[in-house]
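>>> Fold the following and give me the result.
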Amino acid sequence: MIYAKIKTQEEQQNFNNALKASQKKNWYRRLQIIDNSIKGVSVQQLSKIFGLCQQVIRNYIHAFNEGGLDKLMPVKQTGRPPRVAHWTREDWDKIMEQTPDQYDKLNTKSRQWTFQRLALYVKEYHGVRKPVEYIE
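Numbers count the residues shown, from 1 in each chain. As a prediction, the model looks like this:
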């Protein structure tokens, strides 16, 4: 089992301050995941509570354990936000935080995304019949 760990009193204080001061929902969610993990909530339970794939939860915990809040914080992209169709990178990231097997309409046991599975997702969940063609 993997759990987030706080090593010092100063780190605990910094964590509590970050949790109180957080204003962005994605950052707050990450902090809540770490807070619950510190309290002994398992990865499986966190996955169910927050509706995220277990590997995403593990990635957050590993990042926090390796580098604290700095490593846990999302990396801000520079420049113009990339877009696919009318969706932003953040929209796609939110979809891909789940694995394909967690979307009932995809009817798959696969945990890996492919372009075809993404196209099926867009068709089934958003009614887009012809997805954007792949461009390199």
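>>> Tell me, how many residues neighbour residue 56?
19 (other CB atoms under 10 Å). From N, CA and C alone the C-beta is placed, and that goes for glycine too.
>>> Return the backbone torsion pair for the nearest residue to residue 102 once chain neighbours are set aside.
Distance criterion CB to CB, 6 or more residues apart in numbering; nearest residue to residue 102, sequence neighbours excluded, is residue 53 at 6.8 Å. Per-residue torsions, residue 53: phi -60, psi 150 (degrees, to the nearest 10).
>>> how much space between residue 53 and residue 70?
Going from residue 53 to residue 70 by CB to CB, to the nearest Å gives 24 Å.
>>> quick revisit: for the residue nearest to residue 102, what are its contacts?
Listed by CB atoms under 8 Å, 6 or more residues apart in numbering, the contact partners of residue 53 are 47, 97-99, 102, 111.
>>> Quick one: the strands in this structure, in order.
Assigned by DSSP state E, the chain shows strands spanning 83-84, 87-88.
>>> By mean pLDDT, show me the worst of these.
Among the strands of the chain, strand 83-84 carries the lowest mean pLDDT, a mean of 56.
>>> could you measure the residue most central in space within the chain against residue 16, distance?
What sits nearest the mean C-alpha location of the chain, by CA atoms, centre = their mean, is residue 97, with 4.6 Å. With distances taken as CB to CB, residue 97 is found 26 Å from residue 16.
>>> Residue 76 too?
For residue 76, the distance to residue 16 - CB to CB - is 24 Å.
>>> Over to residue 8?
13 Å.
>>> Equivalent analysis for residue 1, please.
Counting by CB to CB, the gap from residue 1 to residue 16 is 24 Å.
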